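K.L.:
Predicted model follows, preceded by the sequence.
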Amino acid sequence: MHKTIIRTIGIPLVTLISSTILPFHSSAAPPWKRHTIDDTRRGADGVRLGDFNGDGLMDVVTGWEESGLVRLYLHPGTTSAGAPWPMATIAKAKSPEDAVPMDLDGDGRLDIVSCHEGKQRQLLVHWNNTPEPHSNSSQLLRQQNWTTDRFKQLDGVMWMFALPLGTIDSRIALVAGAKGPKATITLLLGPATNPRDLSSWTTIRLRDAGWIMSLRAVDMDRDGDQDIVFSDRKGDRRVAAWLEQPDDPDQTWTEHEIAGQGREVMFLTATAERCLISTREGVSLDGRRSDNGWIVTPLPNPPQISMGKAIESFPDGQLVLTANTHASSDPDRPGIWIRDVSGNWSAIDPTTRVKFDRMELIDLDGDGDLDVMTCEERRNLGIIWYENPAN
């Protein structure tokens, strides 16, 4: 097999196995059982996890883009996870693209950061004012226990995705990515005192961007701090890559290419050894780290599935893929698939004309295997999870 060698600036070699697309196989495995967490509004856009009440179960926050809501959902326990979850509307704001749990003021309570594009174009913080850390569900679901503020210094930018980055030099760290004319990846560092004064946060522009889809915190160089793995789907710098955290955050964060240069890369998942990247070009990219850089193998999508959204890997090697078939040239196709270890694809859900989003693989029913949590925003499936039939 012929290999194309691509040398990138300041990083090891990337090997792209590009001459032959791997063969496609299909099968007719039965669909997975779908459970609905919430389908009462329109435009569910992403699922992010955090344990708000300290019960050891992952709760969910979601921005409802078309409905202009940020909502919190509390895991009801494994025996009740298949029914709609207890929820509260934390805030009303236009065009939320992402919402993520994060303790932004260091008081032991998870707050929520939401990203807004459209006409809002702000990065908002929803403060958790419950009486104590890990307050009970009734307190967390009281809207009056939440207040909203914003990073005024970031107004006017279409923010798309946010990432907690732990602490840097004992300062709380948050990364945000945007799209459009003023898009960047920007680092925000909290002050030593009074972190609720958002005007006192330091902002550091790490990289210009076209349209940031993913941000992941991974120690890619194994030096003990968190680097930033990202995908940028638009513009002349579109790529999946990582930014190396320097000793001083004000210094240059060196960019290291992984894969997908010039492609429309979508959501990715990453470890220091492997990076899986979905694209809107009929393939996903499987990047494996080697001593000489990254070896990248194209993985063909199921037939007529061009607009991939996200891809994740199960521990046994099976892959799950979400897609946007609502906007594709062949909309009468399912939008969530599983690929077995032999390379055979089968639809998890036969519903067509769908637009799925990023995923979380998590054991929601307590049976020991990983289920698939995601959301869908065109057929109003809402926030859903698919029960793994393995057990």
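P.N.:
Sure, I can see it.

K.L.:
neighbours around Asn380, how many?
P.N.:
A count of neighbours around Asn380, defined by other C-beta atoms under 10 Å, yields 13. Every C-beta, even on glycine, is put in place using the N, C-alpha and C of the backbone.

K.L.:
Next, it: phi, psi?
P.N.:
Note on Asn380: backbone dihedrals following degrees, to the nearest 10 are phi 60, psi 40.

K.L.:
how about the helices in the chain?
P.N.:
Under the criterion DSSP state H, the chain carries helices at the ranges 137-140.

K.L.:
pLDDT-wise, which helix or strand of it ranks last?
P.N.:
The weakest-scoring helix or strand in the chain, judged by mean pLDDT, DSSP states H and E, is strand 4-6 (a mean of 33).

K.L.:
Okay, buried residues for stretch 264-278 please.
P.N.:
With burial defined by 16 or more other C-beta atoms under 10 Å, the residues of stretch 264-278 counted as buried are Glu264, Val265, Met266, Phe267, Leu268, Thr269, Ala270, Cys275, Leu276, Ile277, Ser278.

K.L.:
dump the residue contacts of the fourth one.
P.N.:
If I follow you right, that is Phe267. Taking C-beta atoms under 8 Å, 6 or more residues apart in numbering, we find Phe267 in contact with Met213, Ser214, Ser231, Ile277, Ser278, Lys309, Ala310, Ile311, Asp357, Arg358.

K.L.:
can you pull the contacts of the nearest residue to it once chain neighbours are set aside?
P.N.:
Leaving aside its sequence neighbours, Phe267 sits nearest to Ala310 (C-beta to C-beta, 6 or more residues apart in numbering; 3.8 Å). Taking C-beta under 8 Å, 6+ apart as the contact definition, Ala310 lies against Met266, Phe267, Thr269, Ser278, Leu321, Thr322, Phe356, Asp357, Arg358, Met359, Thr374.

K.L.:
How about Thr271?
P.N.:
With C-beta under 8 Å, 6+ apart as the criterion, the residues that contact Thr271 are Val218.

K.L.:
same thing but at 10 Å, please
P.N.:
Residues counted as contacts of Thr271 (C-beta atoms under 10 Å, 6 or more residues apart in numbering) are Arg216, Val218, Asp219, Met220, Val229, Arg289, Ser313.

K.L.:
Is there a quick ChimeraX command that grabs whichever of the residues you listed are buried?
P.N.:
The buried residues among the contacts of Thr271 can be selected in ChimeraX (16+ other C-beta under 10 Å) with this line:
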select :216,218,220,229,289,313
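
K.L.:
For the closest residue to Arg196 other than its chain neighbours, give me its contacts.
P.N.:
Distance criterion C-beta to C-beta, 6+ apart; nearest residue to Arg196, sequence neighbours excluded, is Asp105 at 5.3 Å. For Asp105, the contacting residues are Asp111, Val125, Trp127, Asn128, Ile172, Gly190, Asn194, Pro195, Arg196, Asp197, by C-beta under 10 Å, 6+ apart.

K.L.:
so what's Asp105 scoring on pLDDT?
P.N.:
At Asp105 the predicted local confidence, pLDDT, stands at 97.

K.L.:
measure it to Asp149 for me?
P.N.:
Here Asp105 is placed at a distance of 11 Å from Asp149 (C-beta to C-beta, to the nearest Å).

K.L.:
what's the overlap in contacts for those two?
P.N.:
Shared contacts of Asp105 and Asp149, counting by C-beta under 10 Å, 6+ apart, come down to Asp111, Val125, Trp127, Arg196, Asp197.

K.L.:
out of those residues, which are buried?
P.N.:
With neighbours counted using 16+ other C-beta under 10 Å, those contain these buried positions: Asp111, Val125, Trp127.

K.L.:
and which of those residues is nearest to Thr203?
P.N.:
Nearest to Thr203 among these: Val125, at 14.0 Å, using C-beta to C-beta.

K.L.:
Surely that closest one is in contact with Asp111?
P.N.:
Yes: here Val125 reaches Asp111: they are 6.2 Å apart, a contact under C-beta atoms under 10 Å.

K.L.:
Pull up the overlap in contacts between those two.
P.N.:
Between them, Val125 and Asp111 share these contacting residues under C-beta under 10 Å, 6+ apart: Met102, Leu104, Asp105, Thr147, Asp149, Arg196.
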